[in-house]
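1. Dropping the sequence and predicted coords here.
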Amino acid sequence: MIRQSIEAWKILILSLPKGIIAFVIAVTGLCASLPLIIVWVGLPLLALTLAWCRSMLSHEHKIVEAWSSGNGRRGSGQPAVTADHASAFRWEGLRTLGHQLRERESYRGILYSLLQLPAGILGFTLALVLPVVAFSALLSPVAHKISSSVFSYDLNILDPEFFFFLSDTTSNERSWVLCGTGFVLLLILPLLLVGLGRLYAAWIRAVSGTHMNSAASIPLEIIHT
């Protein structure tokens, strides 16, 4: 469970940079290629954009499937596009673009590239905030001791309207209540991370569809004109 939660944490943390890269490639590629179609330059650029987006989705799908099956490795957080087991992108005229446009995976790749950014922001935020909150609450007595003795400031000022059940406790006691809450959160943190990882894997499966073409991973190496 601990190893699986660590791998899930890595996947969630890396989902944001992958989302940024995918979004920039998709938006830049589409905005640059579509207006240039009238001068033919946009045709290979559009095919290249579809191939890139398709490749990134395929690679991310393989990562979450490896994690879900318990076969994740330390390198599961590698960049979104690799050259392993993939062929070079080759421009062979309109046939290449026609092939890309006929494949559903091309459109799924564009959808992934556009929606991975908000999904990555959500996953990254939760993966970052949950451990920080747990450890911060766990260290609440130490922080209270330092703030009260050094800075003469009470970190655990009580709002009676929202925390009426703690109205009869002192500031020091409230710090230990927070410490206990942080300890509980730390205990269930692996379960939370695994659950978030499964939700992320479900998102990747949904956008990739039930059948992924093994030839979908097509990174850029060279364009032959």
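-> On my side now, so go ahead.
2. If you count neighbours, what's buried in the top helix by length along the chain?
-> Counting by DSSP state H, the longest helix found in the chain is helix 171-208. The neighbour-count check on helix 171-208 (16 or more other Cβ atoms under 10 Å) flags 174-175, 177-179, 182, 185-186, 189-190, 192-194, 196-197, 200-201, 203-204, 207-208 as buried. Any C-beta I mention is one placed from the backbone N, CA and C, and that applies to glycine too.
3. repeat for stretch 9-28
-> Buried residues in stretch 9-28 (16+ other Cβ under 10 Å): 9-12, 14-16, 18-19, 21-23, 25-26.
4. How about exporting it as PDB, limited to the C-alpha atoms?
-> In PDB, the C-alpha atoms belonging to stretch 9-28 read as follows (Å, rounded to 0.1, in the frame of the first residue of the first chain):
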ATOM      1  CA  TRP A   9       1.600  10.600  -5.500                       C
ATOM      2  CA  LYS A  10       4.300  10.800  -8.200                       C
ATOM      3  CA  ILE A  11       1.700  10.400 -10.900                       C
ATOM      4  CA  LEU A  12      -0.500  13.100  -9.400                       C
ATOM      5  CA  ILE A  13       2.300  15.600  -8.900                       C
ATOM      6  CA  LEU A  14       3.500  15.100 -12.500                       C
ATOM      7  CA  SER A  15       0.000  15.400 -13.900                       C
ATOM      8  CA  LEU A  16       0.200  19.200 -13.800                       C
ATOM      9  CA  PRO A  17       3.500  19.600 -15.800                       C
ATOM     10  CA  LYS A  18       2.200  17.000 -18.300                       C
ATOM     11  CA  GLY A  19      -1.100  18.900 -18.500                       C
ATOM     12  CA  ILE A  20       0.800  22.200 -19.200                       C
ATOM     13  CA  ILE A  21       2.900  20.600 -21.900                       C
ATOM     14  CA  ALA A  22       0.000  18.800 -23.500                       C
ATOM     15  CA  PHE A  23      -2.200  22.000 -23.500                       C
ATOM     16  CA  VAL A  24       0.500  24.200 -25.000                       C
ATOM     17  CA  ILE A  25       1.300  21.700 -27.700                       C
ATOM     18  CA  ALA A  26      -2.400  21.200 -28.600                       C
ATOM     19  CA  VAL A  27      -3.400  24.800 -28.600                       C
ATOM     20  CA  THR A  28      -0.200  26.100 -30.300                       C
END
